[in-house]
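S.K.: everything below, folded, please.
(2 chains)
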Amino acid sequence: MNKKEVFKLAKGFRGRAKNCIRIARERVEKALQYSYRDRRNKKRDMRSLWIQRINAGTRDHGVNYGNFMHGLMKENIQLNRKVLSELSMHEPYSFKALVDVSRNAFPGNKAAIPPKKEGLAILV
Amino acid sequence: MAALSLCSSLTPKFSHSQQNPTPISSKFNLSSSSFLSHSLSSLTLNSRKPPHTLSFVPKSNGTDTEVALAEPENPEAQPVIETVEPKREEVFAVVMVGGRQYIVFPGRFIYTQRLKGADVNDKITLNKVLLVGTKTSTYIGKPIVPNAAVHAIVEEQTLDKKVIVFKYKKKKNYRRNIGHRQPITRIRITSITGYQDSPFVTL
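M.R.: The predicted structure follows:
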(Lines give C-alpha, C1' and ligand atoms only; values in the text may rest on other atoms or scores of the structure.)
Protein backbone atom coordinates (compact mmCIF):
# COMPACT_ATOMS: atom_id res chain seq x y z
CA MET A 1 0.00 0.00 0.00
CA ASN A 2 1.22 3.49 -0.60
CA LYS A 3 2.45 5.98 1.92
CA LYS A 4 -0.82 7.82 2.29
CA GLU A 5 -2.66 4.68 3.27
CA VAL A 6 0.11 3.68 5.66
CA PHE A 7 -0.05 7.00 7.47
CA LYS A 8 -3.81 6.80 7.65
CA LEU A 9 -3.52 3.48 9.41
CA ALA A 10 -0.71 4.74 11.62
CA LYS A 11 -2.80 7.36 13.37
CA GLY A 12 -2.26 7.36 17.10
CA PHE A 13 0.98 5.42 17.03
CA ARG A 14 3.74 6.39 19.36
CA GLY A 15 6.71 8.52 18.42
CA ARG A 16 8.14 8.38 14.92
CA ALA A 17 5.91 5.51 13.96
CA LYS A 18 3.15 7.88 13.00
CA ASN A 19 5.34 10.30 11.04
CA CYS A 20 8.26 8.55 9.36
CA ILE A 21 7.39 6.13 6.60
CA ARG A 22 10.02 3.50 7.22
CA ILE A 23 9.07 3.05 10.82
CA ALA A 24 5.38 3.54 10.23
CA ARG A 25 5.28 0.85 7.59
CA GLU A 26 6.77 -1.70 9.96
CA ARG A 27 4.42 -0.79 12.77
CA VAL A 28 1.39 -0.79 10.53
CA GLU A 29 2.23 -4.21 9.19
CA LYS A 30 2.57 -5.47 12.73
CA ALA A 31 -0.71 -3.87 13.68
CA LEU A 32 -2.48 -5.56 10.79
CA GLN A 33 -1.00 -8.91 11.72
CA TYR A 34 -2.25 -8.44 15.25
CA SER A 35 -5.70 -7.52 14.04
CA TYR A 36 -5.83 -10.67 11.90
CA ARG A 37 -4.86 -12.80 14.87
CA ASP A 38 -7.11 -10.98 17.27
CA ARG A 39 -10.21 -11.28 15.15
CA ARG A 40 -9.90 -14.95 15.95
CA ASN A 41 -8.95 -14.39 19.58
CA LYS A 42 -11.87 -12.08 20.12
CA LYS A 43 -14.30 -14.92 19.60
CA ARG A 44 -12.55 -16.97 22.26
CA ASP A 45 -12.33 -14.08 24.70
CA MET A 46 -15.95 -13.17 24.33
CA ARG A 47 -17.11 -16.71 24.92
CA SER A 48 -14.99 -16.85 28.04
CA LEU A 49 -16.53 -13.58 29.23
CA TRP A 50 -20.04 -14.83 28.61
CA ILE A 51 -19.33 -17.98 30.58
CA GLN A 52 -18.00 -15.96 33.48
CA ARG A 53 -21.10 -13.81 33.46
CA ILE A 54 -23.46 -16.77 33.27
CA ASN A 55 -21.56 -18.40 36.11
CA ALA A 56 -21.95 -15.30 38.25
CA GLY A 57 -25.64 -15.07 37.43
CA THR A 58 -26.43 -18.65 38.20
CA ARG A 59 -24.40 -18.79 41.38
CA ASP A 60 -26.61 -16.05 42.73
CA HIS A 61 -29.37 -18.60 42.52
CA GLY A 62 -27.35 -21.43 43.99
CA VAL A 63 -26.50 -23.28 40.77
CA ASN A 64 -23.09 -23.36 39.16
CA TYR A 65 -22.36 -22.96 35.47
CA GLY A 66 -21.66 -26.60 34.71
CA ASN A 67 -24.88 -27.91 36.19
CA PHE A 68 -26.84 -25.06 34.68
CA MET A 69 -25.66 -25.80 31.15
CA HIS A 70 -26.16 -29.51 31.69
CA GLY A 71 -29.74 -28.89 32.72
CA LEU A 72 -30.36 -26.68 29.70
CA MET A 73 -28.92 -29.26 27.34
CA LYS A 74 -31.13 -31.90 28.88
CA GLU A 75 -34.19 -29.77 28.32
CA ASN A 76 -33.12 -29.07 24.72
CA ILE A 77 -33.02 -25.33 25.23
CA GLN A 78 -30.72 -24.00 22.56
CA LEU A 79 -29.98 -20.51 23.77
CA ASN A 80 -26.35 -19.67 23.26
CA ARG A 81 -23.99 -18.22 25.80
CA LYS A 82 -24.11 -14.74 24.38
CA VAL A 83 -27.86 -14.48 24.85
CA LEU A 84 -27.74 -16.17 28.24
CA SER A 85 -25.20 -13.68 29.50
CA GLU A 86 -27.29 -10.78 28.23
CA LEU A 87 -30.37 -12.20 29.92
CA SER A 88 -28.50 -12.68 33.16
CA MET A 89 -27.54 -9.02 33.11
CA HIS A 90 -30.68 -7.32 31.87
CA GLU A 91 -33.61 -9.70 32.30
CA PRO A 92 -33.15 -11.13 35.77
CA TYR A 93 -36.61 -12.63 36.07
CA SER A 94 -36.41 -14.47 32.78
CA PHE A 95 -32.98 -15.68 33.76
CA LYS A 96 -34.28 -16.96 37.06
CA ALA A 97 -36.96 -18.87 35.17
CA LEU A 98 -34.24 -20.50 33.10
CA VAL A 99 -32.25 -21.39 36.19
CA ASP A 100 -35.31 -23.02 37.71
CA VAL A 101 -35.95 -25.02 34.57
CA SER A 102 -32.36 -26.20 34.61
CA ARG A 103 -32.47 -27.05 38.27
CA ASN A 104 -35.55 -29.20 37.78
CA ALA A 105 -33.97 -30.98 34.88
CA PHE A 106 -30.68 -31.67 36.57
CA PRO A 107 -30.59 -31.30 40.35
CA GLY A 108 -26.84 -31.44 40.56
CA ASN A 109 -26.30 -29.03 43.39
CA LYS A 110 -26.51 -30.41 46.89
CA ALA A 111 -27.91 -27.28 48.44
CA ALA A 112 -30.07 -25.12 46.22
CA ILE A 113 -29.60 -22.06 48.42
CA PRO A 114 -27.84 -18.88 47.38
CA PRO A 115 -24.34 -18.47 48.77
CA LYS A 116 -23.97 -16.84 52.14
CA LYS A 117 -23.06 -13.17 51.97
CA GLU A 118 -20.33 -11.87 54.17
CA GLY A 119 -19.19 -8.46 55.24
CA LEU A 120 -20.52 -5.51 53.32
CA ALA A 121 -22.40 -7.75 50.91
CA ILE A 122 -25.01 -8.32 53.59
CA LEU A 123 -26.15 -4.77 53.10
CA VAL A 124 -26.83 -5.31 49.41
CA MET B 1 -45.76 -5.72 39.71
CA ALA B 2 -42.64 -7.45 38.63
CA ALA B 3 -40.34 -4.61 37.92
CA LEU B 4 -38.87 -6.27 34.90
CA SER B 5 -35.72 -4.60 33.87
CA LEU B 6 -36.74 -4.62 30.26
CA CYS B 7 -34.17 -2.00 29.61
CA SER B 8 -35.80 -1.38 26.30
CA SER B 9 -36.49 2.18 25.86
CA LEU B 10 -38.99 1.50 23.17
CA THR B 11 -37.84 4.53 21.29
CA PRO B 12 -37.94 3.63 17.64
CA LYS B 13 -34.55 3.35 16.13
CA PHE B 14 -34.99 6.24 13.78
CA SER B 15 -31.80 6.85 11.92
CA HIS B 16 -32.68 9.90 9.90
CA SER B 17 -33.32 8.09 6.71
CA GLN B 18 -32.14 10.92 4.56
CA GLN B 19 -28.60 10.73 5.82
CA ASN B 20 -26.29 7.78 5.87
CA PRO B 21 -27.28 5.34 8.53
CA THR B 22 -25.00 6.05 11.43
CA PRO B 23 -27.13 4.75 14.18
CA ILE B 24 -25.18 5.99 17.14
CA SER B 25 -27.47 7.19 19.94
CA SER B 26 -30.79 8.56 18.89
CA LYS B 27 -29.87 12.18 19.25
CA PHE B 28 -32.01 14.35 21.40
CA ASN B 29 -32.89 17.05 18.94
CA LEU B 30 -35.60 19.57 19.20
CA SER B 31 -36.27 19.83 15.50
CA SER B 32 -39.90 19.14 14.83
CA SER B 33 -39.29 16.33 12.45
CA SER B 34 -41.97 13.74 12.13
CA PHE B 35 -39.92 11.31 14.15
CA LEU B 36 -40.35 13.29 17.29
CA SER B 37 -41.76 11.15 19.97
CA HIS B 38 -42.82 11.37 23.52
CA SER B 39 -39.97 9.42 24.91
CA LEU B 40 -37.46 11.26 22.82
CA SER B 41 -35.22 11.97 25.71
CA SER B 42 -34.20 8.40 26.36
CA LEU B 43 -30.93 7.57 24.71
CA THR B 44 -30.33 4.17 23.26
CA LEU B 45 -26.84 3.23 22.25
CA ASN B 46 -26.73 1.77 18.81
CA SER B 47 -23.45 1.80 17.04
CA ARG B 48 -23.06 0.49 13.56
CA LYS B 49 -21.01 -2.64 13.73
CA PRO B 50 -21.48 -6.13 12.32
CA PRO B 51 -23.65 -8.53 14.21
CA HIS B 52 -20.96 -11.02 14.96
CA THR B 53 -19.04 -8.58 17.06
CA LEU B 54 -20.16 -9.33 20.37
CA SER B 55 -22.80 -7.41 21.95
CA PHE B 56 -21.49 -6.74 25.37
CA VAL B 57 -19.96 -3.67 23.95
CA PRO B 58 -22.92 -1.92 22.46
CA LYS B 59 -22.66 -2.70 18.83
CA SER B 60 -24.66 -3.75 15.86
CA ASN B 61 -27.55 -5.25 17.62
CA GLY B 62 -29.72 -2.29 18.02
CA THR B 63 -31.62 -4.50 20.29
CA ASP B 64 -28.95 -5.89 22.48
CA THR B 65 -27.80 -2.62 23.86
CA GLU B 66 -30.00 -2.07 26.77
CA VAL B 67 -28.28 1.03 28.00
CA ALA B 68 -31.38 3.14 28.05
CA LEU B 69 -30.65 6.26 30.02
CA ALA B 70 -34.02 7.83 30.67
CA GLU B 71 -33.34 11.49 31.23
CA PRO B 72 -36.03 13.50 32.98
CA GLU B 73 -37.82 15.58 30.40
CA ASN B 74 -37.07 19.26 30.56
CA PRO B 75 -40.37 20.94 31.35
CA GLU B 76 -39.30 24.24 29.78
CA ALA B 77 -37.92 22.87 26.57
CA GLN B 78 -40.99 20.99 25.41
CA PRO B 79 -41.41 21.45 21.71
CA VAL B 80 -44.87 22.57 20.69
CA ILE B 81 -45.42 19.98 17.97
CA GLU B 82 -45.19 16.47 19.39
CA THR B 83 -46.23 13.26 17.78
CA VAL B 84 -47.22 10.76 20.39
CA GLU B 85 -45.97 7.28 19.56
CA PRO B 86 -48.53 4.50 19.73
CA LYS B 87 -47.94 2.40 22.82
CA ARG B 88 -45.67 -0.49 21.96
CA GLU B 89 -46.10 -3.72 23.76
CA GLU B 90 -43.17 -4.39 26.04
CA VAL B 91 -41.98 -7.72 24.85
CA PHE B 92 -38.70 -9.14 23.67
CA ALA B 93 -37.73 -12.32 21.87
CA VAL B 94 -34.60 -14.28 21.17
CA VAL B 95 -34.54 -15.19 17.51
CA MET B 96 -32.05 -17.16 15.47
CA VAL B 97 -31.10 -15.75 12.07
CA GLY B 98 -28.16 -16.58 9.89
CA GLY B 99 -26.74 -19.00 12.41
CA ARG B 100 -26.67 -16.37 15.14
CA GLN B 101 -29.02 -15.51 17.95
CA TYR B 102 -30.25 -12.01 18.67
CA ILE B 103 -32.39 -10.43 21.35
CA VAL B 104 -34.97 -8.36 19.48
CA PHE B 105 -37.42 -5.67 20.51
CA PRO B 106 -40.20 -4.35 18.32
CA GLY B 107 -39.22 -1.09 16.71
CA ARG B 108 -35.48 -1.65 16.69
CA PHE B 109 -33.27 -2.94 13.95
CA ILE B 110 -30.56 -5.57 13.77
CA TYR B 111 -27.87 -6.41 11.27
CA THR B 112 -27.87 -9.99 10.06
CA GLN B 113 -26.07 -11.97 7.43
CA ARG B 114 -27.24 -11.18 3.94
CA LEU B 115 -30.66 -12.67 3.26
CA LYS B 116 -30.57 -13.71 -0.34
CA GLY B 117 -33.60 -12.92 -2.40
CA ALA B 118 -34.98 -10.30 -0.04
CA ASP B 119 -35.46 -6.84 -1.48
CA VAL B 120 -35.84 -3.59 0.39
CA ASN B 121 -39.23 -3.16 2.07
CA ASP B 122 -39.96 -6.85 2.02
CA LYS B 123 -41.85 -8.29 4.93
CA ILE B 124 -40.04 -11.13 6.62
CA THR B 125 -41.15 -13.65 9.20
CA LEU B 126 -38.56 -15.19 11.44
CA ASN B 127 -39.77 -18.50 12.75
CA LYS B 128 -36.96 -19.72 14.91
CA VAL B 129 -37.94 -18.01 18.14
CA LEU B 130 -36.13 -19.45 21.13
CA LEU B 131 -37.54 -17.37 23.94
CA VAL B 132 -40.20 -14.71 24.36
CA GLY B 133 -40.39 -12.50 27.39
CA THR B 134 -43.03 -10.05 28.45
CA LYS B 135 -43.37 -7.97 31.54
CA THR B 136 -45.18 -10.69 33.41
CA SER B 137 -44.19 -14.01 31.88
CA THR B 138 -41.47 -15.82 30.02
CA TYR B 139 -42.10 -18.34 27.27
CA ILE B 140 -39.12 -20.67 27.10
CA GLY B 141 -38.81 -22.66 23.92
CA LYS B 142 -37.58 -26.24 23.79
CA PRO B 143 -35.96 -25.52 21.46
CA ILE B 144 -38.40 -23.09 19.83
CA VAL B 145 -41.60 -21.50 21.06
CA PRO B 146 -44.35 -23.15 19.02
CA ASN B 147 -46.19 -20.89 16.58
CA ALA B 148 -44.22 -17.84 17.59
CA ALA B 149 -43.09 -15.54 14.83
CA VAL B 150 -41.16 -12.32 14.64
CA HIS B 151 -42.18 -10.01 11.82
CA ALA B 152 -39.67 -7.67 10.31
CA ILE B 153 -39.10 -5.46 7.31
CA VAL B 154 -35.93 -5.45 5.30
CA GLU B 155 -34.51 -1.97 5.42
CA GLU B 156 -31.23 -2.18 3.64
CA GLN B 157 -28.92 -4.67 1.95
CA THR B 158 -25.41 -3.36 2.25
CA LEU B 159 -21.83 -4.35 2.76
CA ASP B 160 -20.23 -4.21 6.12
CA LYS B 161 -17.30 -1.97 7.00
CA LYS B 162 -14.11 -3.05 5.34
CA VAL B 163 -11.68 -5.22 7.27
CA ILE B 164 -8.15 -5.55 5.99
CA VAL B 165 -6.95 -9.13 5.94
CA PHE B 166 -3.18 -8.85 6.01
CA LYS B 167 -1.14 -12.02 5.93
CA TYR B 168 2.58 -11.88 6.50
CA LYS B 169 5.33 -14.41 7.04
CA LYS B 170 8.60 -13.03 8.27
CA LYS B 171 11.84 -13.61 6.36
CA LYS B 172 9.99 -15.45 3.63
CA ASN B 173 8.97 -12.49 1.54
CA TYR B 174 5.30 -13.33 1.80
CA ARG B 175 2.72 -10.68 2.31
CA ARG B 176 -0.86 -10.48 1.12
CA ASN B 177 -3.11 -7.51 1.57
CA ILE B 178 -6.79 -8.26 1.00
CA GLY B 179 -9.82 -6.15 1.82
CA HIS B 180 -13.08 -7.77 2.77
CA ARG B 181 -16.60 -6.42 3.08
CA GLN B 182 -19.18 -8.86 4.32
CA PRO B 183 -22.66 -8.55 2.82
CA ILE B 184 -25.20 -7.85 5.52
CA THR B 185 -28.87 -6.95 5.77
CA ARG B 186 -30.49 -4.52 8.12
CA ILE B 187 -33.95 -5.52 9.22
CA ARG B 188 -36.32 -3.63 11.43
CA ILE B 189 -38.47 -5.64 13.79
CA THR B 190 -42.13 -4.74 13.67
CA SER B 191 -43.87 -7.18 15.95
CA ILE B 192 -43.65 -10.42 17.87
CA THR B 193 -46.72 -12.66 17.62
CA GLY B 194 -48.02 -16.10 18.12
CA TYR B 195 -46.56 -16.92 21.48
CA GLN B 196 -49.66 -16.57 23.61
CA ASP B 197 -50.73 -20.19 23.58
CA SER B 198 -47.44 -21.71 24.59
CA PRO B 199 -46.55 -22.83 28.09
CA PHE B 200 -45.02 -20.05 30.10
CA VAL B 201 -43.49 -19.24 33.42
CA THR B 202 -44.97 -16.39 35.40
CA LEU B 203 -42.49 -14.11 37.05
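S.K.: what's the closest non-adjacent residue to the residue of chain B found nearest chain A?
M.R.: Among the residues of chain B, residue B:166 lies closest to chain A, at 3.5 Å counting by CB to the nearest CB. C-betas here are computed from N, CA, C, even on glycine. Nearest non-adjacent residue to residue B:166, counting by CB to CB, 6 or more residues apart in numbering or on different chains: residue A:32, 3.5 Å away.
S.K.: so how far is residue A:7 from that neighbour?
M.R.: 14 Å (CB to CB, to the nearest Å).
S.K.: tally of neighbours for the residue of chain A at minimum distance from chain B?
M.R.: Chain A approaches chain B most closely through residue A:32 (3.5 Å), counting by CB to the nearest CB. Per other CB atoms under 10 Å in any protein chain shown, the neighbour tally for residue A:32 reads 20.
S.K.: return the distance of the helix or strand hosting it from the chain's centre.
M.R.: Secondary structure assigned from DSSP states H and E places residue A:32 in helix A:21-59. Offset of helix A:21-59 from its chain centre (CA atoms, centre = their mean, to the nearest Å): 12 Å.
S.K.: other SSEs contacting that helix?
M.R.: Under the contact criterion of 3 or more CB pairs under 8 Å, 6 or more residues apart in numbering or on different chains; DSSP states H and E, helix A:21-59 touches helix A:3-9, helix A:65-74, helix A:81-90, helix A:92-105, strand B:163-169.
S.K.: residues of it that come out buried?
M.R.: By neighbour count on 16 or more other CB atoms under 10 Å in any protein chain shown, the buried set for helix A:21-59 is A:24-25, A:27-29, A:31-33, A:46, A:50, A:53-55, A:57-59.
S.K.: now do the contacts for the residue nearest to residue B:166.
M.R.: With contact taken as CB atoms under 8 Å, 6 or more residues apart in numbering or on different chains, residue A:32 is in contact with A:9, B:164, B:166, B:168, B:177.
S.K.: the residues you listed, buried ones only, as a ChimeraX selection?
M.R.: Remark: buried members of those, expressed as a ChimeraX selection using 16+ other CB under 10 Å:
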select /A:9 /B:164,166
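S.K.: will you turn the contacts of residue A:32 into a markdown table that also has distance to residue B:203?
M.R.: A markdown table is the format used below for the contacts of residue A:32 (distance: CB to CB, whole Å):
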| residue | distance to residue B:203 |
| --- | --- |
| A:9 | 50 |
| B:164 | 47 |
| B:166 | 50 |
| B:168 | 53 |
| B:177 | 53 |
